[in-house]
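J.: Sequence plus the predicted model coming up.
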Amino acid sequence: MNKKLLLAAGMGSLLLLGGCASGPDEETTSQLSALSSQIDELSSEVAALKSEQSMAEMKASKATDAAMSAQDEAARANERIDNIAQSYTK
């Protein structure tokens, strides 16, 4: 009796697992397809934003370099003007 019950339980579980082993239905497949396309779109948007960010960082770096260079030039020009002014007062 015990073996027959165990065998019946085993067969029943196999039938249940067999029913669950079927592939996804059409609705699930279409949802997966839609999600995949959204992922592709978002990935391309992220890549574009990263590119824009790196270009903005390069522009900011160039602007900072130009500002530092202009500040150095202004300091040298002020020093020359101070030297010229001192030479006239002597």
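T.: Received it, and whenever you're ready, just let me know what you need. Numbering: from 1, shown residues only.
J.: pLDDT weak spots in this structure?
T.: Confidence mapping of the chain against pLDDT under 70 gives the ranges 1, 5-7, 14-23, 89-90.
J.: Helices of that one, start to end?
T.: If you assign secondary structure with DSSP state H, the helices in the chain sit at 2-20, 26-89.
J.: Take these and write them to JSON lines, including mean neighbour count.
T.: To be clear about C-beta, it is placed using only N, CA and C from the backbone, and glycine gets the same treatment. Converted to JSON lines, the helices of the chain look like this (neighbours: other CB atoms under 10 Å):
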{"stretch": "helix 2-20", "mean neighbour count": "9"}
{"stretch": "helix 26-89", "mean neighbour count": "10"}
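J.: Pick out the residue nearest the middle of this protein.
T.: Residue closest to the average C-alpha location in the chain (CA atoms, centre = their mean): residue 46, at 5.1 Å.
J.: if I look at that residue, how far off is residue 53?
T.: 10 Å (CB to CB, to the nearest Å).
J.: ditto for residue 63
T.: In terms of CB to CB, residue 63 sits 15 Å off from residue 53.
J.: Likewise for residue 84?
T.: 46 Å.
J.: try residue 38
T.: Counting by CB to CB - residue 38 and residue 53 are separated by 22 Å.
J.: ok, now residue 11?
T.: Counting by CB to CB - residue 11 and residue 53 are separated by 61 Å.
J.: repeat for residue 32
T.: Distance from residue 32 to residue 53, by CB to CB: 31 Å.
J.: repeat for residue 83
T.: 45 Å.
J.: can you tell me which residues contact residue 29?
T.: With CB atoms under 8 Å, 6 or more residues apart in numbering as the criterion, no residue contacts residue 29.
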